[in-house]
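Colleague: predicted model and sequence follow; I will ask about them next.
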Amino acid sequence: MAERADQAEKTARAKAQAPDPERGMSRRRLLGTAGAVGAAGLVVGGAGGALAAEAVRETPAELTGVGAKAVPFHGKHQSGIADSAQAHGHLLAFDLASGADRRSAAALLRRWSATAAELMAGEAPKGDDTGIALDAGPSSLTVTFGFGRTFFDRTGLASKRPAALEPLPAFTGDALDAKRGEGDLWVQIGADDPLVAFHALRVLQKQAGDAARPRWQMNGFNRAPGATAKPMTGRNLMGQIDGTNNPKPSDPDFAARVFVPDDSGDWMAGGSYAVVRRIRMLLDSWDHLSLERQEKVIGRRKSDGAPLSGGTETTPVDLNKFGADGSLAIAGDAHVRVAAPESNRGAAMLRRAFSFHDGYRDDGAPDAGLLFVAWQADPRRGFVPVQRKLDRGDGLSRFLSHESSGLFAVPGGCAPGEYVGQRLLEG
Ligand SMILES: C=CC1=C(C)c2cc3[nH]c(cc4nc(cc5[nH]c(cc1n2)c(C)c5CCC(=O)O)C(CCC(=O)O)=C4C)c(C)c3C=C
Ligand SMILES: [Fe+2]
């Protein structure tokens, strides 16, 4: 994951500093030019001033650190799936405007794809006068596009709707708000800088124009890069290390679990399905539990994420181990036992979440939790069986409330000159 970003970093850095006559100018060059002209004007006038301005214009300061990292937009898969989750996230869904059709949807996806590619390379998109991200580099920005179930009816493409996009079943623990769920189109934005993330959100929302209107939006966050002494798995708002036993890109079955296979032969080849749930944490109840009880509910130690069956964070969980008192080391209703692929006939998903905090509820409790995003090749072999099992027997579910839900078909990536979803919309 990090390698993909590192490889792209050099290219994007070079791109971000060189103006492309066909596209926008580097955000930093744009600023450097304005600054240079002003400064040079103060020192020397006439031809000398012009030369001085030119010299400064050619040497924009080197970007270092968080801002310099770029993730490529073009590729076999869309970005924002196998890349590390960023510090800031915006999830939003749009509904197509009444009267919108396949053609206007295709034009929107073409616009959005071109702009996402520019933004992810640290370029200012054409016609962008907001200045929100001026001075900033790409900051690991990713933009990911998906289609909801209703998109296919609205665009006359019902015959192309994948079977995997069938509605998720109702779960007993659900308290879903329909207005904050589903939607025709879904956009996931992530960046390590909040202004870069908001800029992408704002530009894409403006570009939706008359074609689509925002349906819902949620904002989330993760730990900032560099906040810990060494890179480590992030923590959620319950304080747990979360994400340890995710499928890893180096696993031999990673692609089969996360992406629709190439030989599926349909427009979703190389794509993935995103299950998006706003899960509120009942933090006041959770924080009343002793550390020992909290660890028993999950099946892992809070301090370092090590499984209660022993070892360190990365030691495989031993679901068959008994403690000295004769009881299971990982309790029967421990979250990691109930969610594990071994307990679900191999069902697995890639969890790539953001935390959220939207203030306080009327009862004074924090409106906070997890924007849970699970990626899989087929939700019927990923999220659905696992959530069914969690719904029945997970000790953690007493401390959670699932408040909104969406399922989106996220097509594969595209090559330069193409746009995301082109195989569906022009196939
Ligand atoms: C349907 C799938 C899942 C939901 C919903 C879910 C919610 C949820 N989980 C945590 C905290 C943790 N989950 C952990 C592991 C874990 N969770 C799921 C699935 C769902 N979680 C899986 C498949 C796994 C991996 C199980 C395994 O193979 O061991 C962990 C342990 C660390 C880790 O492996 O990531 C924590 C902690 C919260 C707080 C939450 C809802 C808000
Ligand atoms: Fe979990």
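Modeller: Now that the structure is in, tell me what you want to look at. Ligands and ions are numbered 1, 2, ... in the order given.
Colleague: just the buried positions in whichever helix in the chain runs longest, please.
Modeller: Secondary structure of the chain read by DSSP state H shows that its longest helix is helix 102-120. Buried positions in helix 102-120, judged by neighbour count with 16 or more other Cβ atoms under 10 Å: 104-106, 108-120. Every residue, glycine included, has its C-beta placed from N, CA and C.
Colleague: also stretch 74-85?
Modeller: Neighbour counts over stretch 74-85 (16+ other Cβ under 10 Å) mark H74, H77, Q78, S79, G80, I81, A82, D83, S84, A85 as buried.
Colleague: quick check: end-to-end length of that stretch?
Modeller: Across its full length, stretch 74-85 reaches 18 Å end to end, with Cα to Cα, to the nearest Å as the criterion.
Colleague: ditto for stretch 350-366
Modeller: 27 Å.
Colleague: what pairs with whatever helix or strand comes next after the longest helix of the chain, parallel or antiparallel?
Modeller: Sequence-wise, the next helix or strand downstream of helix 102-120 (DSSP states H and E) is strand 142-148. The strands beside strand 142-148 in its sheet (DSSP bridges) come out as strand 185-191 (antiparallel), strand 400-410 (antiparallel).
Colleague: what sits against the closest residue to R345 other than its chain neighbours?
Modeller: If you skip the residues right next to it in sequence, R345 has P385 as its closest partner in space, 7.1 Å away by Cβ to Cβ, 6 or more residues apart in numbering. With contact taken as Cβ atoms under 8 Å, 6 or more residues apart in numbering, P385 is in contact with N344, R345, A347.
Colleague: mind running it again at 10 Å?
Modeller: Taking Cβ atoms under 10 Å, 6 or more residues apart in numbering as the contact definition, P385 lies against S343, N344, R345, G346, A347, P379.
Colleague: surely the second one and R388 touch.
Modeller: In this case it means N344. Yes - between N344 and R388 there is a contact under Cβ atoms under 10 Å: 8.7 Å.
Colleague: these two - which one has more neighbours?
Modeller: Summary of the neighbour comparison: N344 and R388, criterion other Cβ atoms under 10 Å, with N344 having more neighbours (19 against 14).
Colleague: local confidence estimate at that one?
Modeller: At N344, the predicted lDDT confidence score is 98.
Colleague: so it versus D394, what's the distance?
Modeller: Using Cβ to Cβ, to the nearest Å, N344 is found at 12 Å from D394.
Colleague: got any residues that touch both of these two?
Modeller: Listed contacts common to N344 and D394 are V338, V386, Q387; contacts here mean Cβ under 10 Å, 6+ apart.
Colleague: so can I have TSV of those residues showing secondary structure and distance to D174?
Modeller: Below are those laid out as TSV (DSSP: H, G, I helix; E, B strand; the rest coil; distance: Cβ to Cβ, whole Å):
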residue	secondary structure	distance to D174
V338	helix	17
V386	helix	15
Q387	helix	10
